[in-house]
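Enquirer: let me see the structure of the following:
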Amino acid sequence: MSGFITIYHTNGEPVDKQLIHSLTQTLKFRGPDQQNVWIDDNIGMGHALFKTTFEAEYENQPATIDNKVWITCSARIDDRENLVNKMGMKHSLDLSSTPDSELILHAYKKWGEECLDHLLGDFAFVIWDKTQQKLFCARDHLGTRQLHYAYINNKIIISNSLNTIRQHPDISKELNDKAIAGFLLTGDYTLIDKTISVYKDISTLAPTHKLTYKNKHIHIKAYWGIPDNLPLLRYKNDNDYIEHFLEIFKESVNDRIRTSKISILMSGGMDSTAIAAIAKNSNSNVKIQAVTSIYETMVNDDEKYYADLVSKHLDIPIHFHLADDYQLFDKGITTTRPLEILTPIQRNDIQRILASYSRAYLTGDAGDCLLEYTPFNSTSKRPVNLFHFILQIYKVTKFFHMLPKGSGIKSVFNPYQKKKEQTYKPNLLVPYPSWLSSEFEQTFNVHHMWQNFQQWTPSSSHRAQMQLTRFNWNSDDVLLNPDFTLSEERDPYRDIRLIKYLFSLPSFPWFYKKYILRNSMSDFLPDEVIKRPKTPLPNVVEKLIQITPTQHLNGWEPHTQLSRYIDLKKLPTVEKTTATPSHRIVNFRPRLLNEWLSQIEML
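Expert: Model (predicted):
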């Protein structure tokens with residue numbers, strides 16, 4: 001979660017030392033351990049350090065290894081030993097005292113921009129190559145770390161903090177209307193466009209993209225894409241699939257620890273409990289703390305029972321955070337961009353609890369997306385072996401004690417049905433707002449934007465690929481300026497090694513109800529958890545509406561800018577809101593935007 005800022009004057013003018021110092025200080029809440037600035041005439045870098053790994057004790061950014069190439073970054077590089085071996089530095093580099101920033105520099109020195117073909121992990125970085133007079137920036141494969149930039153008045157300003165760039169004197173406070181429209185349509189404009197920000201002058205580098213500035217030109221290019229047709233992996237023995245998965249899963253979990261204390265945001269489901277099991281069984285010297293959010297009176301919720309069962313089985317302490325008493329639109333946090341967070345204090349409290357236990361925490365947020373099943377979500381186009389397929393149906397039936405539904409058996413016997421399944425389109429329908437300002441709606445063709453969002457289809461038939469590349473996983477630039485330093489989020493299911501392996505497997509049976517994950521946990525978790533069916537989230541929004549006072553829901557004053565986007569006469573009260581949860585949430589967005597506009601105005 002370290003913060004960084006880079007300013008480069010393309011016309012050769014020197015960087016203002018006082019300005020870059022002051023902008024670096026805006027990052028102090030992200031990096032309380034150390035704040036440093038480096039300036040070389042028309043290039044300046046600032047860094048605020050938050051030590052989250054053992055090797056970070058040796059961190060000193062902005063960093064260089066040869067006084068020719070400099071870096072500032074927020075990065076955790078995985079598979080470090082293998083990376084060092086590929087660089088031919090096994091005997092010359094001491095990994096125990098080499099921070100991740102230096103590994104990136106060594107990789108850049110060996111491969112140049114192609115270093116991105118060899119780097120794994122979560123990262124956002126800026127490199128200044130003095131010899132080539134080149135800026136080189138990149139963001140990790142799935143966008144877990146953030147990277148914003150602006151090119152204005154002969155200045156390139158780059159940071160992983162939207163608020164820090166916003167405070168540069170050349171950046172206007174004018175909002176980006178496409179981002180506002182994207183929020184009102186989806187609750188998060190990054191679902192519409194990952195290259196924009198909420199401010200007109202600031203752009204965002206998309207995940208798995210690099211940016212270079214050289215010879216007076218900016219070039220942006222994708223450096224990686226999820227393979228669309230990986231060779232289908234076929235083992236003779238099912239245990240080989242499970243053992244191979246477990247081997248990679250352990251690597252992905254362990255690479256995300258690298259510290260003496262780690263927290264786990266753990267529900268009672270398979271994804272997070274599997275992470276907890278691996279963390280506990282592979283790291284005897286690491287202090288592990290589970291944190292679980294629960295409901296006791298508001299809704300029927302059995303997360304406490306299952307989470308407690310796992311906690312006792314693994315012998316790890318657990319903190320249960322009671323969420324019954326929060327109300328809609330409770331104030332308490334300011335976000336960097338408008339977001340659909342209905343109970344902001346609850347989110348803030350969870351983050352504070354995690355931060356009190358450790359500087360990094362594990363989560364299984366991407367588990368559902370990575371392991372989501374459809375009959376033909378494999379990247380491989382090889383035909384199904386009928387005998388093998390029937391055998392797998394028998395094994396799955398025996399495991400779950402029921403015949404698998406939606407397993408694709410009809411498609412195996414009916415080629416036309418199979419072809420139809422492969423043209424799958426995602427069901428992401430959301431209601432279109434009825435209260436948009438007519439002028440705003442027409443000027444920016446908002447309805448067309450909504451239609452494009454609804455009709456979007458992935459480049460591959462692999463549904464998991466669609467989920468992994470569409471959602472916004474970034475969490476390091478959400479809270480604008482909290483009074484504490486957030487713990488760093490790490491998700492093993494976003495590991496590229498794990499993704500590549502799973503995408504090479506036959507879709508059935510391994511994705512069906514997370515069959516491969518459940519089988520791999522037979523020696524680690526209670527059988528009651530492994531066989532627990534997927535449980536839908538309780539409808540908390542409806543209950544929150546019932547317990548929140550009506551005057552609190554409807555009694556709010558519109559901000560002066562809101563009428564630019566919203567026809568307030570068309571905006572229904574909560575009582576008149578359509579009964580479906582999706583419509584209710586859509587109709588809350590003007591209120592949420594209003595809150596954000598009011599908060600950001602005071603900064």
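Enquirer: gap between the two ends of stretch 184-204?
Expert: The first and final residues of stretch 184-204 sit 19 Å from each other (C-alpha to C-alpha, to the nearest Å).
Enquirer: in a strand, that's where Asp523 is, yeah?
Expert: No. The assignment for Asp523 (DSSP: H, G, I helix; E, B strand; the rest coil) gives coil, which keeps it out of a strand.
Enquirer: OK, contacts around it?
Expert: Listed by C-beta atoms under 8 Å, 6 or more residues apart in numbering, the contact set of Asp523 is empty. Bear in mind the C-beta positions are built from the backbone N, C-alpha and C, glycine included.
Enquirer: ok, then the element right after the helix or strand bottoming out on mean pLDDT in the chain?
Expert: None of the helices or strands of the chain scores lower by mean pLDDT, DSSP states H and E than helix 415-422, at a mean of 45. Using DSSP states H and E, the next helix or strand after helix 415-422 towards the C-terminus is helix 438-443.
Enquirer: buried ones in that following helix?
Expert: Going by neighbour count (16 or more other C-beta atoms under 10 Å), the buried part of helix 438-443 is Phe440, Glu441.
Enquirer: and it, what does it pack onto?
Expert: Secondary-structure packing of helix 438-443 (3 or more C-beta pairs under 8 Å, 6 or more residues apart in numbering; DSSP states H and E): helix 177-186.
Enquirer: ok, and what's touching the helix it packs on?
Expert: Contacts for helix 177-186 (C-beta under 8 Å, 6+ apart): 188-193, 196-198, 337-340, 430, 432-433, 436, 440, 443-444, 446, 449-450, 453, 565, 589-590, 593.
Enquirer: just the ones of these in helices?
Expert: Members of the contacts of helix 177-186 lying in helices (criterion: DSSP state H): Phe440, Thr443, Val446, Met449, Trp450, Phe453, Arg589, Pro590, Leu593.
Enquirer: just the buried residues of those.
Expert: Of the ones in helices among the contacts of helix 177-186, these count as buried by 16+ other C-beta under 10 Å: Phe440, Val446, Met449, Trp450, Phe453, Arg589, Pro590, Leu593.
Enquirer: so what's the closest residue in space to Cys369 that isn't next to it in sequence up against?
Expert: The spatially closest residue to Cys369, leaving aside those adjacent along the chain, is Gln467, at 3.4 Å (C-beta to C-beta, 6 or more residues apart in numbering). Taking C-beta under 8 Å, 6+ apart, we find Gln467 in contact with Asp368, Cys369, Leu370, Glu372.
Enquirer: residues contacting the first one?
Expert: Looking back up the chat, that one is Asp368. Asp271, Gln467.
Enquirer: what helix or strand does the closest residue to Asp66 other than its chain neighbours sit in?
Expert: Once flanking residues are discounted, Asp66 sits nearest to Lys109: 7.4 Å by C-beta to C-beta, 6+ apart. Here Lys109, judged by DSSP H and E, is contained in helix 100-111.
Enquirer: helices and strands around the very next helix or strand once past that helix, which ones?
Expert: Beyond helix 100-111 on the C-terminal side, the first helix or strand identified by DSSP H and E is strand 121-129. Here strand 121-129 touches strand 3-9, strand 43-49, strand 69-77, helix 100-111, strand 134-139, going by 3+ C-beta pairs under 8 Å, 6+ apart.
Enquirer: strand 121-129 pairs with which strands, and in what direction?
Expert: Taking DSSP bridges as the criterion, strand 121-129 forms sheet pairs with strand 69-77 (antiparallel), strand 134-139 (antiparallel).
Enquirer: and that strand with helix 100-111, angle?
Expert: Angle between the axes of strand 121-129 and helix 100-111 is 60 degrees (criterion: axes from the mean of the first three to the mean of the last three C-alpha atoms, to 10 degrees).
Enquirer: which residues does strand 121-129 contact?
Expert: Contacts with strand 121-129, where a contact means C-beta under 8 Å, 6+ apart, come from 4, 6, 8, 40, 43, 45, 68-79, 100-101, 104-105, 108, 134-140, 144-147, 158, 160, 205, 255, 490, 494.
Enquirer: extract the C-alpha trace of it and format it as CSV.
Expert: In CSV, the C-alpha atoms belonging to strand 121-129 read as follows (Å, rounded to 0.1, in the frame of the first residue of the first chain):
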residue,chain,number,x,y,z
GLY,A,121,2.6,-10.4,-8.3
ASP,A,122,0.8,-7.1,-7.5
PHE,A,123,2.6,-4.0,-8.7
ALA,A,124,2.5,-0.5,-10.0
PHE,A,125,5.7,1.2,-10.8
VAL,A,126,7.4,4.1,-12.5
ILE,A,127,11.0,3.8,-13.9
TRP,A,128,13.1,6.6,-15.1
ASP,A,129,15.8,5.5,-17.5
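Enquirer: angle of that strand against strand 3-9?
Expert: 30 degrees.
Enquirer: buried ones in strand 121-129?
Expert: Residues of strand 121-129 classed as buried: Gly121, Asp122, Phe123, Ala124, Phe125, Val126, Ile127, Trp128, Asp129 (neighbour count, 16+ other C-beta under 10 Å).
Enquirer: and the one residue sitting closest to the centre of the chain, which of the three is it?
Expert: What sits nearest the mean C-alpha location of the chain, by C-alpha atoms, centre = their mean, is Trp473, with 1.4 Å. The assignment at Trp473 comes out as coil when based on three-state DSSP.
Enquirer: how about it, phi and psi?
Expert: With angles defined as degrees, to the nearest 10, Trp473 sits at phi -90, psi -10.
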